[in-house]
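1. Please find the sequence and the predicted model below.
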Amino acid sequence: MLALPLLILAVVLATSVLSGIVGMAGGMILMAVLVAVYSVPVAMILHGVTQAGANGSRAWFLRHHVRWAVLAPYLAGSLLCVGIFALFRFVPDRSLVLILIGAMPWLALLLPRHWSFEVERAPTAFGCGLSVTAAQLMAGASGPLLDLFFQRSRLDRRGIVATKAVTQTLGHLVKLGYYSSLLLLAGEPVFARGEAPVWLFLAVVPVAVVGTLMGTRVLDRLDESVFRRVSGQVILALATACMAAGILDVLLP
């Protein structure tokens, strides 16, 4: 069937444009779509490939705005997290993925403002890597949680989007490696399952890069105050839809 892979590519393009503009949200939508049509491990791997390409290209386009000092402690926390998950070989079910995707932005919003963290501090960046990677491995996407660590950042909109893009690239590569390893250990390599054609895993990367380039062009023209206000509204609307879908999946299996 060619229709489903082509639909997935269209969603990849649209969500990459959205993430290129607001720095997140696209990954949430894409994960919700993928987990609806594929098994969780395959969805996580395809999402990881796509988002590593999208975030990696966004980081490259905005590389002069990245705060590189954040990355070493972030990666240390991320690797510690994946080591813990590997001990238990944890794989969430579809409804849990959707509920977690939807819950994270609301949890971030409801937390007291003084709980916001400054990611430019090394201990905070380590905690960010640990918690955000855990969210990625359980929900596939973690943008709203990551945003919590940037609320008090002194970076401008380009610096925020660029630095988050690098951390998300690292996280998605970790997620890709984790779920690929689980399938290999189970004797079910992702392509052996036949759920998605091999060419789709290759095609999502250039499509994501094109969408990201389109989104960053819009970002350059976006007013700073509009960026901060609209991005939050978009994320909460999408989160509500994802959470509702996950709850319905539990109630109406």
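-> That came in fine, so what should we check first? Small disclaimer: the values here were computed from a predicted structure and weren't measured.

2. from the chain's centre, how far out does stretch 93-110 sit?
-> 13 Å (C-alpha atoms, centre = their mean, to the nearest Å).

3. cool, and stretch 200-218?
-> Distance of stretch 200-218 from the chain centroid (C-alpha atoms, centre = their mean) equals 15 Å.

4. Show me the contact partners of it.
-> 5, 8-9, 12-21, 45-46, 49-55, 57-58, 61-62, 161, 190 (C-beta atoms under 8 Å, 6 or more residues apart in numbering). Backbone N, C-alpha and C define where each C-beta goes, glycine included.

5. likewise stretch 245-253?
-> With C-beta under 8 Å, 6+ apart, stretch 245-253 has contacts from Ala32, Ala36, Arg94, Ser95, Leu96, Val97, Leu98, Ile99, Leu100, Ile101, Gly102.

6. how about a cut-off of 6 Å?
-> Residues from elsewhere that reach stretch 245-253 (C-beta atoms under 6 Å, 6 or more residues apart in numbering): Ser95, Leu98, Ile99.

7. sorry, back to before: if any of the contacts of stretch 200-218 are buried, put those into a ChimeraX selection.
-> Listed next is the ChimeraX selection for buried residues among the contacts of stretch 200-218, using 16 or more other C-beta atoms under 10 Å:
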select :8,9,12,13,14,15,16,17,18,19,20,21,45,46,49,50,51,52,53,54,55,57,58,61,62,161,190
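
8. Enumerate the positions of stretch 97-110 that are buried.
-> Val97, Leu98, Ile99, Leu100, Ile101, Gly102, Ala103, Met104, Pro105, Ala108.

9. what helix or strand does the fourth one sit in?
-> Per DSSP states H and E, Leu100 falls inside helix 94-110.

10. right, and the helix or strand after that helix?
-> Counting by DSSP H and E, the element after helix 94-110 in chain order, helix or strand, is helix 122-139.

11. and the direction of that next one versus that of helix 94-110, what angle?
-> 150 degrees (axes from the mean of the first three to the mean of the last three C-alpha atoms, to 10 degrees).

12. In terms of secondary structure, what does helix 122-139 contact?
-> helix 71-88, helix 94-110, helix 143-148, helix 157-185 (3 or more C-beta pairs under 6 Å, 6 or more residues apart in numbering; DSSP states H and E).

13. Other residues contacting the first one?
-> In this structure, residues lying in contact with helix 71-88 by C-beta under 6 Å, 6+ apart are 122, 125-126, 128-130, 133-134, 137, 167, 170, 174, 178.

14. quick one: that helix to chain centroid distance?
-> For helix 71-88, the distance to the chain centre is 16 Å (C-alpha atoms, centre = their mean).

15. can you pull the buried residues of it?
-> Leu71, Pro73, Tyr74, Leu75, Gly77, Ser78, Cys81, Val82, Phe85.

16. re the thing from before, got JSON lines for the helices and strands packed on helix 122-139, with distance to Val250 and mean pLDDT too?
-> Formatted as JSON lines, the helices and strands packed on helix 122-139 follow (distance: least, C-beta to C-beta, whole Å; pLDDT from 0 to 100):
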{"stretch": "helix 71-88", "distance to Val250": "22", "mean pLDDT": "92"}
{"stretch": "helix 94-110", "distance to Val250": "5", "mean pLDDT": "82"}
{"stretch": "helix 143-148", "distance to Val250": "21", "mean pLDDT": "76"}
{"stretch": "helix 157-185", "distance to Val250": "22", "mean pLDDT": "88"}
